[in-house]
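>>> show me the folded form of this:
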Amino acid sequence: FKMDTTPESYLDLFPLDAIVYLTPDSENGKYFACFRQGRTRAKDKVYVLGGLVDESIHKQLTLRRAREQSLQTARLPIREYMVKAPNARNYHSETLAINQVFDVLSTYYETRSWPAALRAGVSSGKGYVLPDTAER
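A predicted model of the protein is given here:
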């Protein structure tokens with residue numbers, strides 16, 4: 001993957017309708033699910049990953065930021081493809097680190113398989129597993 005860095009804001013570099021802000025608080029989990037059917041032109045979009053780097057989780061903060069900037073939002077389709085695994089702490093989180101999101105998206109780009117992509121990036125410590133591994 002080719003990357004470039006700049007001190008400029010993504011808001012100054014790209015048209016607002018091309019920017020998709022990824023946030024686990026988005027209701028739009030089906031956004032990525034439609035890649036397979038060709039209804040979304042992913043190559044025409046700019047995805048904001050890691051809009052917030054912090055030690056703690058601030059619910060709705062990234063979603064609010066995206067709304068304030070009038071941006072489209074999406075989340076990874078974890079709920080659509082994975083199930084909550086029983087665990088002692090009853091812990092389930094869809095919030096991933098930047099590298100995990102990147103792993104999911106790059107694996108999906110290579111395989112065009114959401115189960116494979118989510119397996120690559122969502123650790124079992126998040127409390128979600130693919131249905132075929134739920135009984136194990």
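>>> any idea which helix or strand comes after the least confident helix or strand in the chain by mean pLDDT?
The weakest-scoring helix or strand in the chain, judged by mean pLDDT, DSSP states H and E, is helix 30-33 (a mean of 64). As assigned by DSSP states H and E, the chain's next helix or strand after helix 30-33 is strand 46-48.
>>> domains in this structure, by residue range?
1-75, 78-135 (the TED database).
>>> how about Val48: what's its closest non-neighbour residue?
Nearest residue to Val48, sequence neighbours excluded (C-beta to C-beta, 6 or more residues apart in numbering): Tyr21, at 4.6 Å. Every residue, glycine included, has its C-beta placed from N, CA and C.
>>> just Thr111 next, same as before
Looking at Thr111 with C-beta to C-beta, 6+ apart, the closest residue is Ala117, at 6.5 Å.
>>> host element of that neighbour?
Going by DSSP H and E, Ala117 is part of helix 114-121.
>>> now that helix: buried residues?
Going by neighbour count (16 or more other C-beta atoms under 10 Å), the buried part of helix 114-121 is Trp114, Ala117, Leu118, Arg119, Ala120, Gly121.
>>> quick check: neighbours of the following helix or strand past it in the sheet, parallel or antiparallel?
Where DSSP H and E defines the elements, the next helix or strand beyond helix 114-121 is strand 128-129. Strand pairing for strand 128-129, determined by DSSP bridges: strand 83-84 (antiparallel).
>>> let me see the mean pLDDT of the partner strand.
Across strand 83-84, pLDDT averages out at 92.
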